[in-house]
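# Quick one: sequence and predicted model below, then my questions.
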Amino acid sequence: MAALLVAHRLGLARHQLILLADTEPTDAQQQTLEADLERLLRHEPLQYVLGEADFMGLRIQVGPGVLIPRPETEELVQWVAQTVAPDSSILDVGTGSGCIALGLKQLLPQAYLEGWDASEQALAYARQNADALGLAVHWALQDVFRARLDSWPVVVSNPPYIPPEEAATLHPHVRDWEPHQALFAPQGDPLAFYTYILLHTPGAVFLECHSGTAEDLARWVARQGMPYQLRNDLQGRPRMLYRPALGA
(Lines give C-alpha, C1' and ligand atoms only; values in the text may rest on other atoms or scores of the structure.)
Protein backbone atom coordinates (compact mmCIF):
# COMPACT_ATOMS: atom_id res chain seq x y z
CA MET A 1 0.00 0.00 0.00
CA ALA A 2 2.81 2.39 0.88
CA ALA A 3 4.60 1.74 -2.40
CA LEU A 4 1.42 2.22 -4.42
CA LEU A 5 0.56 5.42 -2.60
CA VAL A 6 4.00 7.04 -2.85
CA ALA A 7 4.48 6.03 -6.48
CA HIS A 8 1.06 7.42 -7.38
CA ARG A 9 1.60 10.75 -5.62
CA LEU A 10 5.06 11.19 -7.11
CA GLY A 11 3.90 10.18 -10.58
CA LEU A 12 6.24 7.21 -10.82
CA ALA A 13 6.10 3.50 -11.58
CA ARG A 14 6.65 1.37 -8.49
CA HIS A 15 10.05 0.11 -9.67
CA GLN A 16 11.25 3.70 -9.95
CA LEU A 17 10.94 4.16 -6.19
CA ILE A 18 14.15 2.17 -5.73
CA LEU A 19 16.05 4.94 -7.54
CA LEU A 20 14.64 7.52 -5.11
CA ALA A 21 15.65 5.81 -1.86
CA ASP A 22 17.70 8.80 -0.75
CA THR A 23 15.41 11.48 -2.21
CA GLU A 24 13.23 13.64 0.01
CA PRO A 25 9.73 14.57 -1.18
CA THR A 26 8.91 18.23 -1.63
CA ASP A 27 6.96 20.00 1.11
CA ALA A 28 3.79 19.81 -0.98
CA GLN A 29 4.28 16.12 -1.62
CA GLN A 30 4.95 15.49 2.06
CA GLN A 31 1.75 17.30 3.04
CA THR A 32 -0.25 15.27 0.53
CA LEU A 33 1.23 12.00 1.78
CA GLU A 34 0.51 12.92 5.40
CA ALA A 35 -3.10 13.72 4.51
CA ASP A 36 -3.31 10.39 2.67
CA LEU A 37 -1.98 8.60 5.73
CA GLU A 38 -4.66 10.16 7.92
CA ARG A 39 -7.33 8.84 5.55
CA LEU A 40 -5.82 5.36 5.53
CA LEU A 41 -5.67 5.32 9.33
CA ARG A 42 -9.45 5.88 9.29
CA HIS A 43 -9.63 2.68 7.20
CA GLU A 44 -10.63 4.50 4.02
CA PRO A 45 -9.82 2.19 1.09
CA LEU A 46 -6.57 2.94 -0.70
CA GLN A 47 -8.45 3.08 -4.01
CA TYR A 48 -10.69 5.86 -2.67
CA VAL A 49 -7.64 7.78 -1.45
CA LEU A 50 -6.00 7.47 -4.87
CA GLY A 51 -9.31 8.03 -6.66
CA GLU A 52 -8.79 5.07 -8.95
CA ALA A 53 -8.36 1.31 -9.22
CA ASP A 54 -6.69 -0.83 -11.86
CA PHE A 55 -8.99 -3.23 -13.70
CA MET A 56 -7.70 -5.24 -16.65
CA GLY A 57 -5.17 -2.51 -17.31
CA LEU A 58 -7.86 0.18 -17.30
CA ARG A 59 -7.70 3.11 -14.89
CA ILE A 60 -11.13 3.03 -13.26
CA GLN A 61 -12.12 6.11 -11.23
CA VAL A 62 -13.72 5.24 -7.91
CA GLY A 63 -14.78 6.97 -4.70
CA PRO A 64 -17.42 6.83 -1.97
CA GLY A 65 -20.69 5.51 -3.35
CA VAL A 66 -19.24 3.01 -5.80
CA LEU A 67 -17.91 -0.53 -5.32
CA ILE A 68 -14.17 -0.99 -5.83
CA PRO A 69 -13.36 -3.41 -8.69
CA ARG A 70 -11.87 -6.73 -7.56
CA PRO A 71 -9.33 -8.92 -9.38
CA GLU A 72 -11.76 -11.86 -9.33
CA THR A 73 -14.16 -9.90 -11.52
CA GLU A 74 -11.47 -9.74 -14.21
CA GLU A 75 -11.76 -13.52 -14.45
CA LEU A 76 -15.50 -13.22 -15.09
CA VAL A 77 -14.94 -10.65 -17.84
CA GLN A 78 -12.36 -12.87 -19.51
CA TRP A 79 -14.74 -15.85 -19.40
CA VAL A 80 -17.49 -13.82 -21.06
CA ALA A 81 -15.16 -12.51 -23.76
CA GLN A 82 -13.90 -16.01 -24.52
CA THR A 83 -17.41 -17.46 -24.78
CA VAL A 84 -19.72 -15.04 -26.60
CA ALA A 85 -19.71 -13.83 -30.20
CA PRO A 86 -17.50 -10.76 -30.78
CA ASP A 87 -20.49 -8.68 -31.91
CA SER A 88 -22.85 -9.68 -29.08
CA SER A 89 -25.27 -7.34 -27.33
CA ILE A 90 -24.35 -7.56 -23.65
CA LEU A 91 -26.11 -6.15 -20.59
CA ASP A 92 -24.17 -5.56 -17.36
CA VAL A 93 -26.63 -5.57 -14.43
CA GLY A 94 -25.45 -3.62 -11.38
CA THR A 95 -22.62 -2.01 -13.30
CA GLY A 96 -21.27 0.20 -10.47
CA SER A 97 -18.07 1.85 -11.72
CA GLY A 98 -18.72 0.31 -15.12
CA CYS A 99 -15.64 -1.91 -14.88
CA ILE A 100 -17.28 -5.06 -16.29
CA ALA A 101 -18.91 -3.29 -19.24
CA LEU A 102 -15.77 -1.29 -19.97
CA GLY A 103 -13.52 -4.33 -19.68
CA LEU A 104 -15.75 -6.21 -22.11
CA LYS A 105 -15.87 -3.28 -24.53
CA GLN A 106 -12.08 -3.20 -24.52
CA LEU A 107 -11.90 -6.93 -25.32
CA LEU A 108 -14.91 -6.98 -27.69
CA PRO A 109 -14.87 -3.62 -29.52
CA GLN A 110 -17.60 -4.77 -31.95
CA ALA A 111 -20.02 -5.66 -29.15
CA TYR A 112 -22.86 -3.47 -27.94
CA LEU A 113 -22.54 -2.88 -24.18
CA GLU A 114 -25.11 -1.45 -21.82
CA GLY A 115 -24.73 -1.00 -18.07
CA TRP A 116 -27.57 -0.67 -15.54
CA ASP A 117 -27.44 0.40 -11.94
CA ALA A 118 -29.96 1.49 -9.33
CA SER A 119 -27.55 4.16 -8.04
CA GLU A 120 -27.18 7.45 -9.89
CA GLN A 121 -23.99 8.08 -7.91
CA ALA A 122 -22.46 4.87 -9.25
CA LEU A 123 -23.57 5.65 -12.79
CA ALA A 124 -21.83 9.02 -12.58
CA TYR A 125 -18.56 7.16 -12.09
CA ALA A 126 -19.39 4.77 -14.93
CA ARG A 127 -20.00 7.66 -17.31
CA GLN A 128 -16.80 9.42 -16.24
CA ASN A 129 -14.83 6.23 -16.77
CA ALA A 130 -16.29 5.61 -20.22
CA ASP A 131 -15.50 9.18 -21.27
CA ALA A 132 -11.96 9.07 -19.88
CA LEU A 133 -11.22 5.71 -21.53
CA GLY A 134 -12.91 6.52 -24.83
CA LEU A 135 -15.06 3.37 -24.67
CA ALA A 136 -18.64 3.50 -25.97
CA VAL A 137 -21.03 2.00 -23.42
CA HIS A 138 -24.68 2.97 -22.87
CA TRP A 139 -25.78 3.56 -19.27
CA ALA A 140 -29.22 3.51 -17.64
CA LEU A 141 -30.64 4.06 -14.16
CA GLN A 142 -32.58 0.85 -13.63
CA ASP A 143 -33.79 -1.38 -10.81
CA VAL A 144 -33.30 -4.92 -12.08
CA PHE A 145 -36.39 -6.20 -10.23
CA ARG A 146 -38.54 -3.81 -12.31
CA ALA A 147 -36.78 -4.43 -15.59
CA ARG A 148 -37.28 -6.56 -18.70
CA LEU A 149 -34.38 -8.88 -19.42
CA ASP A 150 -35.94 -11.12 -22.05
CA SER A 151 -34.54 -9.29 -25.08
CA TRP A 152 -30.87 -9.57 -24.11
CA PRO A 153 -28.74 -12.30 -25.74
CA VAL A 154 -26.12 -12.00 -22.98
CA VAL A 155 -26.48 -10.77 -19.40
CA VAL A 156 -23.55 -10.47 -17.00
CA SER A 157 -23.74 -9.41 -13.38
CA ASN A 158 -21.74 -9.09 -10.19
CA PRO A 159 -24.74 -8.46 -7.93
CA PRO A 160 -24.81 -7.75 -4.19
CA TYR A 161 -24.13 -11.17 -2.68
CA ILE A 162 -22.73 -10.91 0.86
CA PRO A 163 -25.27 -12.15 3.45
CA PRO A 164 -25.99 -9.23 5.83
CA GLU A 165 -25.14 -11.41 8.83
CA GLU A 166 -21.53 -11.53 7.60
CA ALA A 167 -21.11 -7.76 7.94
CA ALA A 168 -19.23 -8.07 11.23
CA THR A 169 -16.63 -10.31 9.58
CA LEU A 170 -15.70 -7.74 6.92
CA HIS A 171 -12.66 -5.51 7.21
CA PRO A 172 -13.58 -1.93 8.20
CA HIS A 173 -12.25 -0.56 4.90
CA VAL A 174 -15.00 -2.56 3.19
CA ARG A 175 -17.84 -2.52 5.72
CA ASP A 176 -17.53 1.14 6.74
CA TRP A 177 -16.80 2.67 3.36
CA GLU A 178 -18.12 0.78 0.34
CA PRO A 179 -21.84 1.13 -0.47
CA HIS A 180 -23.96 -1.46 1.33
CA GLN A 181 -26.40 -1.43 -1.57
CA ALA A 182 -23.65 -2.95 -3.72
CA LEU A 183 -22.28 -5.31 -1.06
CA PHE A 184 -25.14 -7.02 0.72
CA ALA A 185 -27.78 -9.41 -0.57
CA PRO A 186 -31.40 -8.94 0.55
CA GLN A 187 -31.95 -10.10 4.13
CA GLY A 188 -33.04 -13.72 4.20
CA ASP A 189 -32.54 -14.35 0.47
CA PRO A 190 -28.86 -14.25 -0.57
CA LEU A 191 -29.77 -15.61 -4.02
CA ALA A 192 -32.49 -13.07 -4.81
CA PHE A 193 -30.62 -11.22 -7.56
CA TYR A 194 -29.37 -14.44 -9.12
CA THR A 195 -32.71 -16.23 -9.25
CA TYR A 196 -34.49 -13.18 -10.67
CA ILE A 197 -31.92 -12.72 -13.44
CA LEU A 198 -31.84 -16.43 -14.30
CA LEU A 199 -35.63 -16.79 -14.37
CA HIS A 200 -36.17 -13.68 -16.50
CA THR A 201 -33.30 -14.04 -18.98
CA PRO A 202 -33.62 -16.60 -21.78
CA GLY A 203 -30.24 -15.50 -23.11
CA ALA A 204 -26.84 -16.53 -21.78
CA VAL A 205 -26.09 -15.47 -18.20
CA PHE A 206 -22.70 -14.99 -16.52
CA LEU A 207 -22.66 -14.34 -12.76
CA GLU A 208 -20.04 -13.61 -10.15
CA CYS A 209 -20.91 -15.47 -6.95
CA HIS A 210 -20.15 -15.51 -3.25
CA SER A 211 -17.87 -18.48 -2.60
CA GLY A 212 -20.06 -19.45 0.36
CA THR A 213 -23.31 -19.60 -1.62
CA ALA A 214 -22.12 -20.47 -5.15
CA GLU A 215 -22.84 -24.18 -4.71
CA ASP A 216 -26.29 -23.36 -3.31
CA LEU A 217 -26.93 -21.35 -6.46
CA ALA A 218 -25.69 -24.22 -8.65
CA ARG A 219 -28.07 -26.62 -6.92
CA TRP A 220 -30.95 -24.17 -7.43
CA VAL A 221 -30.12 -23.88 -11.15
CA ALA A 222 -29.99 -27.67 -11.44
CA ARG A 223 -33.44 -27.97 -9.81
CA GLN A 224 -34.83 -25.65 -12.49
CA GLY A 225 -33.56 -28.06 -15.13
CA MET A 226 -31.15 -25.48 -16.50
CA PRO A 227 -27.66 -26.33 -17.79
CA TYR A 228 -24.79 -24.51 -16.11
CA GLN A 229 -21.07 -24.38 -15.49
CA LEU A 230 -19.60 -23.43 -12.11
CA ARG A 231 -16.03 -22.18 -12.24
CA ASN A 232 -13.44 -21.59 -9.53
CA ASP A 233 -11.38 -18.41 -9.33
CA LEU A 234 -7.58 -18.46 -9.22
CA GLN A 235 -7.77 -19.04 -5.46
CA GLY A 236 -9.65 -22.29 -6.07
CA ARG A 237 -12.97 -20.95 -4.75
CA PRO A 238 -16.28 -21.39 -6.63
CA ARG A 239 -16.94 -17.83 -7.78
CA MET A 240 -18.52 -17.78 -11.26
CA LEU A 241 -21.54 -19.41 -12.87
CA TYR A 242 -22.44 -19.55 -16.55
CA ARG A 243 -25.85 -20.64 -17.79
CA PRO A 244 -26.06 -20.96 -21.57
CA ALA A 245 -28.98 -19.47 -23.45
CA LEU A 246 -32.12 -21.54 -22.93
CA GLY A 247 -32.87 -23.74 -25.91
CA ALA A 248 -29.37 -23.27 -27.33
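Here it is on my side, so go on. Numbering: from 1, shown residues only.
# tell me which element residue 206 falls in.
Residue 206 is part of strand 204-208, with elements assigned from DSSP states H and E.
# domain assignment for this protein?
As recorded under automatic domain parsing, the domains making up the chain are 2-41, 65-243.
# Give the rounded mean pLDDT of the last one.
Looking back up the chat, that one is domain 65-243. The average pLDDT within domain 65-243 is 96.
# ok, the residue most central in space within the chain - contacts?
Nearest residue to the geometric centre of the chain (C-alpha atoms, centre = their mean): residue 69, 4.2 Å. Neighbour list for residue 69: 53, 55, 60, 62, 96-97, 99 [criterion: C-beta atoms under 8 Å, 6 or more residues apart in numbering]. Placement of C-beta: from N, CA and C, glycine included.
# just curious, which of the residues you listed is nearest to residue 156?
residue 99 (11.4 Å; C-beta to C-beta).
# That closest one against residue 60, yeah?
Yes. Residue 99 is in contact with residue 60 according to C-beta atoms under 8 Å; the separation is 5.1 Å.
# Please enumerate the helices of the protein.
2-10, 27-41, 46-50, 71-83, 99-107, 120-133, 172-175, 180-183, 192-200, 214-223 (DSSP state H).
# Determine which of those approaches residue 240 most closely.
helix 71-83 (5.3 Å).
# Run through who's touching that closest one.
55-56, 90, 99-100, 103-104, 107-108, 154, 156, 158, 204, 206-208, 231, 233-235, 239-240, 242.
# Now list the buried members of the residues you listed.
Neighbour counting by 16 or more other C-beta atoms under 10 Å classes 55-56, 90, 99-100, 103-104, 108, 154, 156, 158, 204, 206-208, 233, 239-240, 242 among the contacts of helix 71-83 as buried.
# Looking at the domains of the chain, which one is packed in the most?
Comparing those by mean neighbour count (mean count of other C-beta atoms under 10 Å), domain 65-243 ranks first with a mean of 18.
# so what's residue 94 up against?
116-118, 144, 157-160, 182, 193.
# tell me the phi and psi of it?
phi 80, psi 50 (degrees, to the nearest 10).
# Quick check: closest non-adjacent residue to it.
Nearest residue to residue 94, sequence neighbours excluded (C-beta to C-beta, 6 or more residues apart in numbering): residue 159, at 5.0 Å.
# Quick check: the gap between that neighbour and residue 179.
13 Å (C-beta to C-beta, to the nearest Å).
# cool, and residue 57?
25 Å.
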